[in-house]
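K.L.:
Build the 3D model from these lines:
(one chain, ligands or ions: 3)
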Amino acid sequence: MLRIGCHLSSSKGFLHMGKEAVKIGANTFQFFTRNPRGSKAKEIDEKDVEAFLVFSREHGIGQILAHAPYTLNPCSKEEKTREFALMTMEDDLKRMEYIPGNCYNFHPGSHVGQGAKEGIRMISETLNQILKEEQTTTVLLETMAGKGTEVGRSFEELQAILDRVELKSHMGVCLDTCHVYDGEYDIVNHLDEVLEQFDKIIGLDKLKAIHMNDSKNPFGSHKDRHEKIGEGSLGVDAFERIINHPLLRGIPIYLETPNELEGYAKEIALLRQLER
Ligand code: FE
Ligand code: FE
Ligand code: ZN
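P.N.:
Ligands and ions are numbered 1, 2, ... in the order given. Coordinates of the predicted model:
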C-alpha cells in the first residue's frame, strides 16, 4: 500500500493533522515547522504530541515530513541571513526530537551570484554545525527547479553538499517531481535513466521522500509552479509509472499540489487506484 499524504496546515497542532490525514485517506503528511515565511515557531505542546503519537500508531500513520520555511537561505551573501537559517534549522531539529525518527526537508538555498561552489560550501558548513550524532531525524535536501541561482538543481550539486557533511547517515534527499522536470530531468519519457543517474551520483538509498506535483510549465522551464496531478505537463501516466516503479516502492509520497483537503483526497484516491 502506498505511503502517501499531502501538505497540511500545522496551525492546529499534530493531533489535528493526524486526524485530517486519516480523513482524506492519507497515512502520512507534510507540514511547515513554522510560518513558511520563517517567523518564530509556536511552543511545542507536549500533550498534543503525545496524543498524536498514540493516534498515529493506531491509524498507521508513518514517516511524516517536516518542511523548513522556504525563505531560509544558508548560502546567502549576508552573514545575518545565513546565521538566521542556521538558528532556525537548529531550533527546528531540536523540536523534531519530540516526534523522533521522522524527516526534515529544506531547500538548499540560492548562492546569489557567489557561485554554486561557494553555495555548496556554505550549505554543508551549516549542516555540519547543526547536525548532532544523537539526533533521530533525517535531514533531506530537496531537488530544486534551478530558478535563479538556486543550488541543488542537479544531482551532482546535491551530492557535492552530501560529500562535505560529516554525519552522512543523518542526511537524505527529497525528490520533487515538478522541480526535477522543470530542472531538466525527464521523468516523463526517461524515468529509468533519471533514476539510474540518481543512483550513480547520489545513491537511491538516500532517496527518503517524494514530493509529488505536476508542473504548470514545460520541461526544463526552471520555473517551479506546481499543478494538480494530471493537469500539468507531466500528466497522469507519468505519475502512474512513478508510483509503480520497483525502485521507488515504499518511498513516502507527499502531494504539494494547489488543493484544499477535498482535492487532496481525490488525488490520493486516484493514485491509490493507479497502484498495481
Ligand atoms: Fe519545498
Ligand atoms: Fe517540493
Ligand atoms: Zn516547488
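
K.L.:
Return the residues of the stretch 151-276 of the chain in contact with ligand 2.
P.N.:
176, 211 (Cβ under 5 Å from the ion). In this view, the C-beta of every residue, glycine as well, is placed from N, C-alpha and C.

K.L.:
which residues of the stretch 101-250 of the chain fall in strands?
P.N.:
103-106, 138-142, 171-176, 207-212, 214-215, 226-227 (DSSP state E, counting those that start in this stretch).

K.L.:
Mean neighbour count, these: which tops it?
P.N.:
Sort the strands of the stretch 101-250 of the chain by mean neighbour count, taking mean count of other Cβ atoms under 10 Å, and strand 214-215 sits at the top with a mean of 26.

K.L.:
Check the stretch 1-150 of the chain for the residue nearest ligand 2 and tell me.
P.N.:
Glu142 (5.6 Å; Cβ to the ion).

K.L.:
My read is that Asp48 contacts Met17, right?
P.N.:
No. Applying Cβ atoms under 8 Å as the test, Asp48 and Met17 come out as separate, 9.9 Å apart.

K.L.:
Out of these two, name the residue with the larger neighbour count.
P.N.:
More neighbours surround Met17 than the other of Asp48 and Met17, with 25 against 17 (other Cβ atoms under 10 Å).

K.L.:
Can you tell me the element that one falls in?
P.N.:
helix 14-23 (DSSP states H and E).

K.L.:
List of residues touching that helix?
P.N.:
Applying Cβ atoms under 8 Å, 6 or more residues apart in numbering, the contact partners of helix 14-23 are 5, 8-10, 27-29, 31, 48-49, 51-52, 55-56, 59, 61, 99, 261, 265.

K.L.:
let's go with 7 Å and repeat that
P.N.:
5, 8, 10, 28-29, 31, 48-49, 51-52, 55-56, 59, 61, 261 (Cβ atoms under 7 Å, 6 or more residues apart in numbering).

K.L.:
What's the PyMOL syntax to select whichever of these are buried?
P.N.:
Applied in PyMOL, the following selects the buried portion of those according to 16 or more other Cβ atoms under 10 Å:
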select buried, resi 5+8+10+28+29+31+48+49+51+52+55+56+61
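
K.L.:
measure Asp182 to Pro218 for me?
P.N.:
9 Å (Cβ to Cβ, to the nearest Å).
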